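[1] Let's see this in three dimensions:
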Amino acid sequence: MMVSDPTTRNNVSIAYENLAKTGNSSLSTEEYLEVALEQLDSAMTGMTVENAGTESVTLSGASYQRTPLNITANGISMTQYLYLRKIDGYMVCMSVTLTTGYTVADIEAMFS
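    Prediction:
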């Protein structure tokens with residue numbers, strides 16, 4: 001599922017992956033992030049992606065691993081925040097891409 005602001009291009013997408021169906025049942029959130037970043041790096045030519053570190057945050061009372069990515073593509077800079085949480089055999093992945101107008105704190109406050 002994805003929502004996007006057509007003016008600012010800020011967007012939020014949410015995915016829920018059945019890890020058994022993709023052969024990734026044993027992956028931790030940290031390992032899942034590593035794989036996702038490797039795939040992003042190989043798929044995105046002309047883009048630079050800088051991982052700014054991972055920290056634990058709470059959204060709606062649940063713990064997620066948040067990783068900010070500083071991305072530059074075609075002269076446009078943006079920050080994308082990846083939120084990961086493993087629930088049994090599933091991985092919840094939410095990405096928040098901000099170009100202007102909102103801060104990550106604004107978005108996270110919408111989940112409280």
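
[2] What's the end-to-end length of stretch 84-97?
    15 Å (Cα to Cα, to the nearest Å).

[3] Quick check: mean pLDDT of it?
    Per-residue pLDDT over stretch 84-97 has a mean of 95.

[4] what residue lies at the spatial centre of this protein?
    L82 (1.8 Å; Cα atoms, centre = their mean).

[5] ok, the closest residue to it other than its chain neighbours - contacts?
    Excluding its sequence neighbours, the residue lying closest to L82 (Cβ to Cβ, 6 or more residues apart in numbering) is T67, at 4.7 Å. Quick note: C-beta positions are derived from backbone N, CA and C, even for glycine. If you count contacts by Cβ atoms under 8 Å, 6 or more residues apart in numbering, T67 has them with 33, 51-54, 81-82, 84.

[6] give me the element T67 is part of.
    strand 62-73 (DSSP states H and E).

[7] Run a quick neighbour tally on T54.
    Using other Cβ atoms under 10 Å, T54 has 15 other residues around it.

[8] ok, it to L82 distance?
    Using Cβ to Cβ, to the nearest Å, we find T54 at a distance of 9 Å from L82.

[9] who touches both of the two?
    Residues touching both T54 and L82 by Cβ under 8 Å, 6+ apart: 33, 66-67.

[10] possible to save the residues you listed as TSV with distance to V96?
    TSV is the format used below for the shared contacts of T54 and L82 (distance: Cβ to Cβ, whole Å):
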residue	distance to V96
L33	15
R66	9
T67	11
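
[11] all helices of this protein, in order?
    Taking DSSP state H to define them, one finds helices in the chain at 29-43, 104-109.

[12] G46 against A73, yeah?
    Yes - with contacts counted by Cβ atoms under 8 Å, G46 reaches A73, the gap being 6.4 Å.
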